[in-house]
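J.: Need the 3D shape of this:
(chains A and B)
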Amino acid sequence: MTMSESLAIELQFSGGMELLFDNKKTIHTKVPAHFRQGADSHAVTIRDLIGWMASHLLKERPELFIGPDGSVRSGILVLVNGADWELEGELEYELQDGDEIVFISTLHGG
Amino acid sequence: MKDNSSHHAAEELLRKVALLEAENEALQRQVQALRQEQSQQAAVKSSAAPLHPLEKVARLTNSEIARYGRQLILPDFGIHAQLDLRNSSVLVVGAGGLGASCILYLGGAGVGRLGIVDHDTVDTSNLHRQVIHNEARQGMSKAHSAALSVRLLNPHCNTVVHDLVLDSSNAQPIIDSYDIVVDATDNVATRYLLNDACVLGGKPLVSGSALRLDGQLTIYNYRGGPCYRCLFPTPPPAETVTNCSDGGVLGVVPGIVGCLQALEAIKIATKMNTQDPPTMTLFSANSTTMFRTIKLRKRKAECIMCGDAPTITRLIDYVKFCGSSATDKTPDLFLIPLQERLTCEGYKKILETHTPHLLLDVREKVQFDICSLPSSLNIPLKDLELPESIEQVKKRLNAKDEPVYIVCRRGNDSQPAVRILQEQGITTGDIKDIVGGLNLWTDKIDPSFPKY
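T.: Next up is the predicted model:
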């Protein structure tokens, strides 16, 4: 069995998050299936995805998306296939081909 | 022939009389409504003192049965749910876009006591979404105006006005005297304050928010679900928070979220939703799927507020914690020294003396389209650093070392724009911004210039 080189991931943005991504609410993209850390290689996690998005998809002001710890900045909720990412292992969740990942910025207006 | 024309004239007159009679009747009704409003106004009282507990009843009166009949015959609601509602008290914090619909529906539905917190006053720019207030109530306290609207809708509802800024010094006793709290506020600091006070007081918190075309709804601290801090342990950086006044909001969007909040409060009061797992509902007016409900985590055992070993056991300073104020007003920034700035009066002189210059307007195009000063060049702040933008400014200056004056809506965005142009060495003339922006221009120089 050969491992596929990349995974098809659907990214969605809501609550103003889309303003950082060229005003797109949905982006279909291919993400490398494995990431290298020194000599080791591991299956791509959400942590890898966030860093990859910041360097590949984000046009400007990465600090509005990624925090100093490599997670999303505070005030952003992440969903994995429609559920709170906390239920799926948060940063360590290993992406699967066809996953839908949603980034929601919390709103405060009223 | 002559007969015919006089006949037409008579018909015309009769038609006018009928119109005037209808108008007279409408005006009489309006006068009556205003008289009623006046008499009710005297009955609405403010309360800062602790409340008497809501007096519970065992049965509804005949006039209540007549009023709530359509709910009473609902098999999934009925007289028991209506009684539960009558015997419950709800505190709505914020009588703005979310509060407007939420308060009206809760009052109409038959909540026994409805507390309303707001420190602000009614302004015309609120009325496109805050439909609980009206034109005649400009300048009136929003909490009073909202309570008045409820009394006019349903005199059975006991309204309590809390015309104050909720903070850690006064929030706990107010929240403790209600069964359910609705967060219809517009700022981060008050959202954390309400969360913590609700966890400490053991109250469910029905939280809603709205901006632009989007809305969000969650119930916190309810039936083993998360609190606001379980989801968002640290407040967002202040520069990532947008208010309605800067980001805009379509009036009906907070109205929809406010209705959902009223619904959730009613479901909690009548124990309709005891089986539901914790969720967040997202509303997006411009998406093909307008509503989306997502499953949320349960209460986090390590949460510093509602976890097993909480470290916060009393209310803290939320303005300090969030680094932002407890209102949604945009503050005036002072990023560059006053010598590098021009007052509105100063710019008026420049116009009157026909001093050659370039006026650069750094607002977003959507705002520039509403109104602009003559012969100004529009380049939004976020695009100003792009090479093509700098080229555009250079072209307009046409190699003449004329001064560049920069204007925006409030005089905040124009300040970083001064720095950007200075770094580009675009002219040897002055580069200054106009203090207070176009808003102050209207106030001080030209009242006929639109303000939004």
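J.: Then B:A143 would be within a helix, right?
T.: Yes. The assignment for B:A143 by DSSP: H, G, I helix; E, B strand; the rest coil puts it in a helix.
J.: Using neighbour counts, pick out the buried residues of the lowest-mean-pLDDT helix or strand in chain A.
T.: The helix or strand of chain A with the lowest confidence, counting by mean pLDDT, DSSP states H and E, is strand A:34-37 at a mean of 88. Residues A:F35 are the ones in strand A:34-37 that count as buried (16 or more other Cβ atoms under 10 Å in any protein chain shown). The way it works is simple: take the backbone N, C-alpha and C, and place the C-beta from them, glycine included.
J.: same thing with stretch B:70-77?
T.: Buried, per 16+ other Cβ under 10 Å, within stretch B:70-77: B:Q71, B:L72, B:F77.
J.: Quote the end-to-end distance of that stretch.
T.: Distance between the boundary residues of stretch B:70-77 (Cα to Cα, to the nearest Å) amounts to 10 Å.
J.: Show the average pLDDT along it.
T.: For stretch B:70-77, the mean pLDDT works out to 95.
J.: can you check stretch B:307-325 too?
T.: 92.
J.: In helices only, show me the buried residues of stretch B:70-77.
T.: Among those, the members falling in helices (DSSP state H) are B:Q71, B:L72.
J.: Could you tell me which residues of the stretch 1-150 of chain B lie near chain A?
T.: B:G94, B:G96, B:G97, B:L98, B:G99 (Cβ under 8 Å from any Cβ of the partner chain).
J.: For those, name the two members farthest from one another.
T.: Farthest-apart pair in the residues of the stretch 1-150 of chain B next to chain A is B:G94 and B:G97; separation 8.5 Å (Cβ to Cβ).
J.: what's the overlap in contacts for these two?
T.: Residues touching both B:G94 and B:G97 by Cβ atoms under 8 Å, 6 or more residues apart in numbering or on different chains: A:G110.
J.: Show the pLDDT at the closest residue to B:E239 other than its chain neighbours.
T.: With sequence-adjacent residues excluded and distances taken as Cβ to Cβ, 6 or more residues apart in numbering or on different chains, B:E239 is closest to A:L64, at 7.8 Å. If you check A:L64, the pLDDT there is 88.
J.: Now A:L64: phi and psi?
T.: Backbone torsions of A:L64, given as degrees, to the nearest 10, read phi -80, psi -10.
J.: contacting residues around it?
T.: Contacts of A:L64 by Cβ under 8 Å, 6+ apart are A:L20, A:R73, B:E239, B:T240.
J.: Identify the bridge partners of B:L205.
T.: Here B:L205 sits in beta bridges with B:V181, B:Y220, going by DSSP bridges.
J.: circling back: for the buried residues of stretch B:70-77, which one is nearest chain A?
T.: B:Q71 (27.1 Å; Cβ to the nearest Cβ).
J.: centre of the chain versus the longest helix along chain B, how much separation?
T.: The single longest helix within chain B, with elements called by DSSP H, is helix B:2-43. Here helix B:2-43 is found 37 Å from its chain centre; the criterion is Cα atoms, centre = their mean, to the nearest Å.
J.: Kindly report the same for stretch B:230-238.
T.: On Cα atoms, centre = their mean, the centre of stretch B:230-238 falls 21 Å from the chain's centre.
J.: follow-up on the earlier one: of the contacts of A:L64, buried ones?
T.: Burial by neighbour count, judged by 16+ other Cβ under 10 Å, picks out A:L20, A:R73, B:T240 from the contacts of A:L64.
J.: ok, B:A238 to B:G323 distance?
T.: 5 Å (Cβ to Cβ, to the nearest Å).
J.: what does B:K451 give?
T.: 29 Å.
J.: B:L72 now?
T.: Distance, B:L72 to B:G323, using Cβ to Cβ: 49 Å.
J.: what's around the residue of chain A found nearest chain B, how many residues?
T.: In chain A, the residue that lies nearest chain B is A:G75 (2.9 Å; Cβ to the nearest Cβ). Neighbour count of A:G75, defined by other Cβ atoms under 10 Å in any protein chain shown: 22.
J.: how about the residues of chain A near chain B?
T.: Residues of chain A lying near chain B (Cβ under 8 Å from any Cβ): A:14-16, A:25, A:63-64, A:73-75, A:77, A:79, A:82-84, A:86-87, A:102, A:104-110.
J.: I'd like to know which of those are buried.
T.: A:14-16, A:64, A:73, A:75, A:77, A:79, A:84, A:86, A:102, A:104-110.
J.: Mark which of those are part of strands, please.
T.: A:S14, A:L77, A:L79, A:D84, A:V102, A:I104, A:S105 (DSSP state E).
J.: Spatially nearest residue to the last one, not counting backbone neighbours?
T.: Using Cβ to Cβ, 6+ apart and skipping residues adjacent in sequence, the residue nearest A:S105 is A:G15, 3.9 Å away.
J.: cool, the second one as well?
T.: The shortest distance from A:L77 to any residue other than its chain neighbours is 4.6 Å, reached at A:I104 (Cβ to Cβ, 6+ apart).
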